[in-house]
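In: quick one, what's the 3D model for this:
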Amino acid sequence: MRGQHEGKVAGVSTPNSNFDTDLDTLLADEQLMTLPDVAHYLGVPVTKVHDLIGAHKLLVYRKDKVKYVPELLLGEDGELSKFVGGAIMVLHDGGYSEDEILHYLFTEDDSLPGRPIDALHGHGAREVIRRAQAMAF
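Out: As a prediction, this is how the structure comes out:
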């Protein structure tokens with residue numbers, strides 16, 4: 001399974017299942033939204049949020065049997081971020097699990113100015129997408 005690979009592909013750090021930081025710790029300081037909150041933010045029914053998750057345009061983080069979406073996975077002004085959704089889809093298609101994708105997006109990357117999730121909301125979005133493509137294929 002691709003998600004079990006560690007190291008670098010084309011000079012790009014890849015997600016792996018041996019993370020230094022567990023997901024609970026990694027997302028502890030992040031704003032998390034329940035699925036009804038995401039639906040309200042996007043102005044859509046909750047069933048549409050489930051569809052977005054199923055289409056790999058959003059990811060859920062499960063904590064205490066509740067599904068959350070990290071707020072940074074969403075765009076501004078009540079919309080989805082096309083770059084975040086694109087990175088999620090490319091990595092998922094490359095065989096990475098939801099948890100591996102969340103780890104990758106929310107872990108500091110020395111070769112970027114911060115974390116991939118932050119770069120996806122700024123000028124580094126295309127670079128993160130390029131790296132996701134290199135990691136996935």
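In: hmm, residue 32 is touching residue 74, no?
Out: No: if you go by CB atoms under 8 Å, residue 32 and residue 74 don't touch, sitting 11.3 Å apart. Yep, even glycine has a C-beta here, placed from its N, CA and C like the rest.
In: and these two? Which one has more around it.
Out: residue 74 (21 against 17; other CB atoms under 10 Å).
In: pLDDT score assigned to that one?
Out: Model confidence at residue 74, given as pLDDT, is 95.
In: show me what contacts it?
Out: 33, 38, 41, 42, 58, 80, 81, 84 (CB atoms under 8 Å, 6 or more residues apart in numbering).
In: columns neighbour count, pLDDT and secondary structure on top of these, output as a markdown table?
Out: Formatted as a markdown table, the contacts of residue 74 follow (neighbours: other CB atoms under 10 Å; pLDDT from 0 to 100; DSSP: H, G, I helix; E, B strand; the rest coil):
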| residue | neighbour count | pLDDT | secondary structure |
| --- | --- | --- | --- |
| 33 | 19 | 97 | strand |
| 38 | 24 | 97 | helix |
| 41 | 17 | 96 | helix |
| 42 | 17 | 95 | helix |
| 58 | 24 | 96 | coil |
| 80 | 15 | 88 | strand |
| 81 | 20 | 88 | coil |
| 84 | 25 | 94 | helix |
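In: format the residues you listed as a markdown table; extra columns: distance to residue 64.
Out: Formatted as a markdown table, the contacts of residue 74 follow (distance: CB to CB, whole Å):
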| residue | distance to residue 64 |
| --- | --- |
| 33 | 15 |
| 38 | 18 |
| 41 | 21 |
| 42 | 24 |
| 58 | 20 |
| 80 | 26 |
| 81 | 26 |
| 84 | 25 |
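In: and the nearest residue to residue 63 once chain neighbours are set aside, how many neighbours?
Out: In this structure, residue 63 finds its nearest non-sequential neighbour in residue 24, 6.8 Å apart by CB to CB, 6 or more residues apart in numbering. If you count neighbours by other CB under 10 Å, residue 24 ends up with 9.
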